[in-house]
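Engineer: here you go, sequence then predicted model.
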Amino acid sequence: MRERLRRFFAASFPVDWDQLRALGAEPVPHHLKHWWWCLGGTPLYLFIVQVATGILLTLYYVPDPSGAYESVAHITRDVRFGWYIRSLHKWSATLMIAAVFLHMLRVFFTGAYRWPRQLNWCVGTALLATTLGFGFTGYSLVYEQLSFWGATVAANLVEAVPLVGHPAALLMRGGAEVSGNTLTRFFVFHIGLFPTVMLVLLFLHILLIRLHGVTEFEFPREQVAPAERTFPFWPHHATTELAIGVLLMYVLTILALTLPAGLGPKANPQVTPMHIHPEWYFYFSFRLLKLTSLRTSVYLTLALGLGLMGWPFLEDALHRWLRMPRDASVVVGVLGFGAFLVLTVWESLAG
Amino acid sequence: MSLDAKRIVIAVLSFFFLASLLLVAWRETLKQRAEEEPKPIVTATNAACVTCHRQRSAGLVMEWEASRHAQVGVGCVECHQAREDVPGAWRHEGVVVTTLVTPTNCGRCHEKEVREFSRSHHARAGEIIYSLDNVIALKIAGTPGNPADAVNGCWQCHGSLVRFQRDAGGQIVRSGPEGRPLLAPETWPNSGMGRLNPDGSKGSCHACHSRHEFKAKLSRSPENCGKCHMGPDHPQIEIYNESKHGIAFYANRDRMALNKEGDWVLGRDYAAAPTCATCHIAGYVAVTGEIKGNSHDVGERISWTLRPIVSTKINLVRFSDGTQDDFPDTRPLPAVGATVDTTDYVVENETLVTRTVPRTVASVVPWQTRREAMQGVCRTCHDQAFVDNFYAQYDSLVTLYNEKFAVPAKQMMDDLTAEGVLDPRSPFGEPLQWTFYELWHHQGRRARHGASMMGPDYTHWHGMYEVAKTFYTEFLPEVVETAARRGRGPEWQAKVAALLARPEHLWKAGLSPEEAGALGQSYRQRYGPKSEPAAAR
Amino acid sequence: MDGGRRSFLAAVAAGTGLFLSYGLFAAYAVSFLFPPPVRRRPRRLFLGRQTDFRPGEARALVDDRGRTLLVIADGGTLTAFDTRCPHLGCQVHWEPKEARFVCPCHLGMFDRNGVAFAGPPAAAHQALTRVPLDVDAVSGTVFLRSDA
C-alpha cells in the first residue's frame, strides 16, 4: 500500500529530490552572514505579511466613501482581532518602506549597482516607487481627513508635472476632483495593480540576482578561512531568514500593542484640517514644498527621482566625461541621504 | 553564528513572539465591544420626509433622531398626518399633513395624557382672552391695529387663538405649488399652553414637551415650567429656586433620574428633591407602598386657589362628559346626578365665544381630597405631623392676606363702583385701580405663592411687606382722594378711619409707651447707646 | 551532550516555537474571518393603532434586523410573522380569503397561526416564526417587539 502511494506521488509530482537538495545547498558568500545583508529579504517578508493581513482586511473593507471609514472603524472596534490585523498592516507598511530605504543604502554604499547590475538597480528603484505607491494608496483608503486631503494634494502635485501631469492626475483621480471614483481606483491599485507590478518586479529583481550571482565582499579586517568562504543556503541562510521573520513578527506585534492604528476624523471634502501632513516617507517632499515654489519642488523631486534611478549611468557618465572618481558616489550618497534625513526630521519636528 | 545557535535564537524569538501574542489575546478580551447605539428607525413611510428634510431642516431631523419616538419608528407622518377636512391640512409631497400638531394628533397614542390634560386648567389657559390682563395688553399697552404685547407676551404663555391668513373674500391664503395654508403671524408661531387650535382642540403638548426631541429630562426640569410660571404676578420658579426643595434639586440634579424612560416615581426612581412635575403631576410611592400614578391634570392636587382677589378653597366638580369645573367653597356644591349650567369657551369662525352648556355632575372631589392627594406626595419624604404643620402655616398666611387686606380692599372697590366713583367700563382709568390691581394680582399673589412653596423672602419682603405698604401708603389714601374728586371725600375719610380703628390696623396710631420703651431698650442692647430709632426715644 | 543531540534538540526547540507562535497567529487570523456577533438591544417598533388595521389586512414591513414581516389583522386579533419560509428561506405571502400563508417556491402552506399544513414544511412539522406584539390596553397602540 505504501509502495503504491509512493509511486503515485513520484509520478504525479516528479521532483528530483537530489537536485532539490543540491539547489538548496547552494553556497552563499560568507559576507551574507552580516545582518546588513538581510535588508533585502526583510521587505520581502514584510510584503508577505502585507498580503496576508491585506487579504484579511479586504474581507471587511468597503471601498466607497459612504462606507470606507465606517468599515475601518468596524474592523478596528468590532471584528475579532481586527485592531491587531490592522495595526500589523499599518506598521508593516512603515517597516517595509524603512527596510527598502536601508536596503538601497546598503546596495548603494557597497557599489552593488555598478556594471553589470545597473538594470537591477533600476528595477529596485521601481520597486521603491511601487512600495511608496502602496503606502500612499493604502493610507488613502482609510478615508480619514488626512487621507482625503493627502490624496488631493498629491494629485495636484502630479498635475504640476510637465507634459504628462494633467492626464496623469486625471487617471489618478478618476476625474477632475478627488471623489468616489478616486477611492475605487486607489482600491484597485492597492489590491490589484500594484501587487501584480510588485510581483513582476520582484521576479525580475530576484531573477537578475540569481543570473548575476552574488560577488564576494571583503571586509578589511575580517579573516575568513577557506572552508568558510561560503555556507549553504539551506539550512543555514534559510534559518537566518526564518529568525528574522520571527523577530519581525515580534516587533510588529509589540508595535501593534503599544501603538495601535487609530482613526482620525472622517474625511470632509468641505473642510481642510488645520494641520495636514502626509505619511513620514513623504515628509521630505512636503518640507521641500514649503521651502520652494510648487514648480521648483516638483521639478526637483522628479530630477532627484530620475537621478536616483539612473545613478549607475550617471556615475558612469560623470566618471567618463568629468573624470569623477567612482568613490565620490559615497559623498553623493551621504549628502543625498543626509538631505533626505534633514528634510524628514525637520518636517516631523515643525509640522 | 552556528546553525544550532541560530535555531536557539529562533526558539527564543518565537517565545517572545508567542508571549506578545498572548498579550494580544488579553487586549482582545479587554476590548469592550460597545453596545449597539440605539439608532433611529426611519420607516418606509417617513423615508422621503427624512431624506429631504435632513438637508432642509437639518437641526430638526437631528433632534428627532435623538428622540424616543425615532427609536420606535414614530416619525414625521405619524404626528403630522391629518385628514383632508382639518383646517390647515394640505397635500405635501403626496401626504396630507398639518403644520400644527395639536393634542388631537398626540392623543392618537398618548390618549390618557391628552384626556387628563384637556380637562385641566393648562388646556384652558387660552381662555383669558376675556380677562383684565387681556385688556391691559390689547387696549392699554397695545393699539387696535397692533396687538403685539398680547402676541409676544400674554399669548406666548397662555396660548393664542390660531387663525389663518385670509384674503378679502375670507378664503384662507395659500402659497406655493402645493397650496400650503398660511397661518396668521399674530397667532403663530405659538406654543402657549392653552393654544386654541383650528381643529377644535385646546392646548399644546409642545409647551412642556419641546419638539422634536420631546426629552423627558426637559419636561421634568423646573426650568421648563419657569417659562410661564414666573414673574411679578406668580413667581413660582423664583420661589422654588429660593426654597429648600429647589436648593436640593440643583445640588442633586444628576441623581434625579430625569431622563428615565417610562414613568418617573418619587420614592422609587429618585428622592433627592421634588421638581414642579413631582408635586403637580408625577407619580409617587404612597405610605401604603402602592405606587400612585401620574396625571396631566395639574389641578388635581390643588386645594387653594391663589389666583383671585380673595383666595378660596376649591372643590372639583366632574361632569359625565369628562369635563370638570372648580367650585369655590363659597358656592354650594351640586349633588351627583344634578344638572349644572357651565360656561364653555369655544372657537367659532376663529373667534372665542362663550356658550352656556348644561352638564350632569358625575362626581364631586372636595378640596380636602385634593389636599390629601398633594399630601400623599409630601408624605413620601416628610411625616404627617410635618405636613400638617406646614399646611397650618400656609393656611394661616392665606387667611391673613384674605382677612386683613383682600376682603376689606375688595369691599371698598366694590362699594366705590356701586356708588359711581369708579366706572366699571374703565377698569384702569384711575391710579387707584392700578394700585388695587397690583395689590392683589402681584403683591398679594407673591405672598400667597411664597407661602405655598416655602419661599420666605417672597412671602414677606416681596409679598406681605409690599401688600401692607401699598395698602396703607397708597391704596387707602387713593381711595379717599379718588372719592373726594367725586365729591364723596368726607364720607370715605370716615370709612377709612373706621377700618383703621380695627385692632389689626391700630399700629398706625403709633406704639404705646410700653411698646416704644421695650423697642428702644432692645436697640440699645443690641447696637449700643443712641442707636434706637428716634421714635423709640 | 553530543553535537547530534544538541542539533536535534535545537531543531525541535525552534520547530516547536515556530509552530506554536505562528499557529496562534493563524488561529487569530481564522478568528478574524468569522464576522463578529452584533449585539442588539431589544427594540420596539411602532405599528400604529389597532383601529388603523382593516380587517383582513396584511401589512408588510421590514424591522430593524432586516427581516420582512407580515402583520395580519385576522378575526379581530393582530399577529406578526417572519415571512421567511422555514423550509429553504423563500418569502411567504398571505392569502386573506383562504386565511393561509403560501410559499411560492415549493408550495408550502401555513394556517393563520403560522403552522404548516401542506408542502415540505408540513412534512418537517415546521411553522413560521411569530414575532411578539405589544398592544397598549389604554391607547390601543401596537408595537412590534424585536428582542435581542
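Structural biologist: Yep, it's here.

Engineer: and chain C, what are its domains?
Structural biologist: Per the record's domain assignment (automatic domain parsing), chain C is made up of the domains C:1-36, C:43-146.

Engineer: any part of the longest one near chain B?
Structural biologist: So that's domain C:43-146. Yes. Against chain B, domain C:43-146 shows contacts by Cβ under 8 Å from any Cβ of the partner chain at C:43-46, C:48-49, C:61-62, C:64, C:138-141, C:143. Glycine gets a C-beta too; all of them are placed from N, C-alpha and C.

Engineer: still on that earlier bit, closest to residue B:466 out of the domains of chain C?
Structural biologist: The closest of the domains of chain C to residue B:466 is domain C:43-146. By Cβ to Cβ, the value is 47.3 Å.

Engineer: could you tell me the end-to-end distance of that closest one?
Structural biologist: 5 Å (Cα to Cα, to the nearest Å).

Engineer: coming back round to it: ok, which of the domains of chain C comes nearest chain A?
Structural biologist: domain C:1-36 (4.6 Å; Cβ to the nearest Cβ).

Engineer: so does the closest one get close to chain B?
Structural biologist: Yes. Domain C:1-36 lies within reach of chain B by Cβ under 8 Å from any Cβ, at C:6-7, C:10-11, C:13-14, C:16-18, C:20-21, C:24-25, C:28, C:36.

Engineer: give me the below-cutoff pLDDT ranges for chain C.
Structural biologist: Under the criterion of pLDDT under 70, the regions of chain C flagged as low confidence span C:1-2, C:148.

Engineer: enumerate the residues of it near chain A.
Structural biologist: By the criterion of Cβ under 8 Å from any Cβ, the positions of chain C lying close to chain A are C:14, C:17-18, C:21-22, C:25, C:28-29, C:31-36.

Engineer: just put the residues you listed in CSV and tack on distance to residue B:63.
Structural biologist: Output for the residues of chain C next to chain A, formatted as CSV (distance: Cβ to Cβ, whole Å):
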residue, distance to residue B:63
C:14, 64
C:17, 59
C:18, 58
C:21, 53
C:22, 53
C:25, 48
C:28, 43
C:29, 44
C:31, 41
C:32, 39
C:33, 41
C:34, 39
C:35, 34
C:36, 32
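
Engineer: which one of the residues you listed is nearest to residue B:114?
Structural biologist: Of the residues of chain C next to chain A, the one sitting nearest to residue B:114 (Cβ to Cβ) turns out to be residue C:36, at 44.5 Å.

Engineer: nearest spatial neighbour of that closest one, chain-adjacent residues omitted?
Structural biologist: Distance criterion Cβ to Cβ, 6 or more residues apart in numbering or on different chains; nearest residue to residue C:36, sequence neighbours excluded, is residue A:78 at 4.7 Å.

Engineer: all strands of the chain, in order?
Structural biologist: Going with chain A. Taking DSSP state E as the criterion, chain A contains strands spanning A:27-29, A:230-232.

Engineer: actually it's chain C I care about, not the one you picked
Structural biologist: Listed in chain order, the strands of chain C (DSSP E) span C:43-49, C:58-62, C:68-74, C:77-82, C:93-95, C:100-103, C:108-110, C:116-118, C:130-131, C:133-135, C:141-146.

Engineer: now the stretch 301-450 of chain B
Structural biologist: In the stretch 301-450 of chain B, strands defined by DSSP state E, counting those that start in this stretch lie at B:304-305, B:312-319, B:324-328, B:339-348, B:351-365, listed in chain order.
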